[in-house]
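A.B. asks: pasted the sequence and its predicted model underneath.
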Amino acid sequence: MNLTDKFGRPITDLRVSVTDRCNFRCVYCRSADPEKHMPAQHLLEWDEYERLVRILVGMGIRKVRVTGGEPLVRPGVEEFVARLKAIGVHDLSMTTNGYLLAERCDKLVAAGMDRINISLDSLQRERFERITRTKTFDQVIAGIDAAQASPFRPVKINAVLVRGINDDEVEAFAEFARDRDLIMRFIEFMPLDADHSWNREMVVTAAEIHQRISARWPLVPVSHERSETARKYRFADGKGEIGLIAPVSQPFCGHCSRIRLTADGKLRTCLFSKEDHDLKFLLRGGGTDREIENEILSIVAQKEKGHRINDPGFVPPSRTMVFIGG
Ligand code: SAM
């Protein structure tokens with residue numbers, strides 16, 4: 001089966017959030033206030049995730065990214081990765097803040113994970129610790145070292161630049177990519193922060209980042225799949241790659257191939273969906289695989305044409321990234 005939405009977009013990518021918990025409190029994502037986590041019984045069990053992913057793979061999902069919250073804080077995630085690999089997921093990856101990666105990297109490799117993305121929002125220890133509200137810079141760098149020493153390829157580093165906070169580090173991040181021969185991806189700040197402080201002036205656009213990096217080091221476009229979020233560039237004169245992800249200034253919804261499964265068993269058809277769709281009631285209520293498939297088909301049929309961030313009257317979703325699964 002090929003899962004396709006009503007605009008003809010093939011749905012091939014699934015983001016699976018395995019927890020709403022995170023050991024970081026990044027300022028552009030979470031609030032400084034204590035957060036209420038979902039009670040354990042609301043979270044999907046590994047068997048429930050596995051069943052849903054198996055059904056979805058049968059419907060045409062080829063790429064699965066395990067995320068959160070912070071996926072490495074949920075015990076058993078490596079075994080879950082191995083179970084996903086056994087289902088036959090074509091491309092299996094994870095997004096992590098890297099804090100627990102150095103000690104877990106070998107297990108993830110052994111479990112069959114293909115690729116890894118690590119978030120890193122500053123190369124300056126003190127600033128990094130202010131953004132994440134943690135004291136974890138050395139551990140995250142050790143996590144990146146471990147990923148680069150492992151068979152994971154490519155290793156991608158994600159940074160969210162926020163004007164006035166870390167936008168002066170564009171060139172430093174580009175140098176980091178060149179020195180370490182890795183893919184440095186810049187994600188535009190989206191209105192998904194818990195504090196609702198997002199505004200357009202805080203967004204550092206992909207165009208600005210491209211212009212600043214290419215003024216120093218000529219960039220050469222690299223081809224990409226239509227549904228890929230990043231526009232990719234290599235350096236004309238050296239190693240490393242840059243990815244620019246511009247959901248705000250250059251939305252790529254027209255080729256969106258993604259759906260998201262939240263930790264409490266809701267399917268979301270867009271990061272910015274006003275509502276999500278419960279699958280847990282079928283999983284826990286004796287639903288057959290056929291019934292779940294039919295429910296997924298009807299949910300995907302409701303996938304939005306685009307995210308509408310740039311429409312007047314845009315209202316951000318009530319769930320933030322840490323709850324949706326980035
Ligand atoms: N804990 C993992 C991590 O730190 O990568 C995975 C979950 S995190 C929510 C996934 C990604 O979402 C991170 O790269 C993070 O920087 C990004 N993110 C969170 N809030 C965002 C926002 N308001 N705008 C853009 N990206 C955001």
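C.D. replies: The structure has been received and is ready for your questions. Numbers count the residues shown, from 1 in each chain.

A.B. asks: rest of the way, CA atoms for contacts and neighbours
C.D. replies: Will do.

A.B. asks: who in the chain is up against the ligand?
C.D. replies: 28-29, 67-70, 95-97, 118-119, 158, 160, 187-193, 321-322, 325-326 (C-alpha under 6 Å from any ligand atom).

A.B. asks: ok, now which ones touch the nearest residue to Asp167 once chain neighbours are set aside?
C.D. replies: Of all residues not flanking Asp167 in the chain, Leu161 sits nearest, at 5.4 Å (C-alpha to C-alpha, 6 or more residues apart in numbering). By C-alpha atoms under 8 Å, 6 or more residues apart in numbering, the contact list for Leu161 reads Asp121, Asp167, Phe186, Ile187, Glu188, Phe189, Val203, Val204.

A.B. asks: helix, strand, or coil at Leu92?
C.D. replies: Under DSSP: H, G, I helix; E, B strand; the rest coil, Leu92 falls in the strand class.

A.B. asks: that one contacts Val64, doesn't it?
C.D. replies: Yes - if you go by C-alpha atoms under 8 Å, Leu92 and Val64 touch, sitting 5.1 Å apart.

A.B. asks: quick one: which of the two has more around it?
C.D. replies: When Leu92 and Val64 are compared for neighbours, Val64 comes out ahead with 25 against 21, by other C-alpha atoms under 10 Å.

A.B. asks: who's that one bridged to?
C.D. replies: Leu14, Leu92 (DSSP bridges).

A.B. asks: which residues does stretch 317-326 contact?
C.D. replies: 15-17, 19-22, 29-30, 67-69, 95, 192-194, 260-263, 271-275.

A.B. asks: can you flag the buried ones in the residues you listed?
C.D. replies: The neighbour count (16 or more other C-alpha atoms under 10 Å) marks 15-17, 19-22, 29-30, 67-69, 95, 192-194, 260-263, 271-273 as buried among these.

A.B. asks: can you tell me which of those are in strands?
C.D. replies: Arg15, Val16, Ser17, Thr67, Thr95, Arg260, Leu261 (DSSP state E).

A.B. asks: which residues touch the first one?
C.D. replies: Spelled out, it's Arg15. Val64, Arg65, Val66, Thr67, Arg258, Ile259, Arg260, Leu261, Gly325, Gly326 are the contacts of Arg15 under C-alpha under 8 Å, 6+ apart.

A.B. asks: kindly recompute the last result at 6 Å.
C.D. replies: Residues near Arg15 by C-alpha atoms under 6 Å, 6 or more residues apart in numbering: Val64, Arg65, Arg260.

A.B. asks: who's in contact with the last one?
C.D. replies: In this case it means Arg260. Shown in contact with Arg260 (C-alpha under 6 Å, 6+ apart): Leu14, Arg15, Leu267, Arg268.
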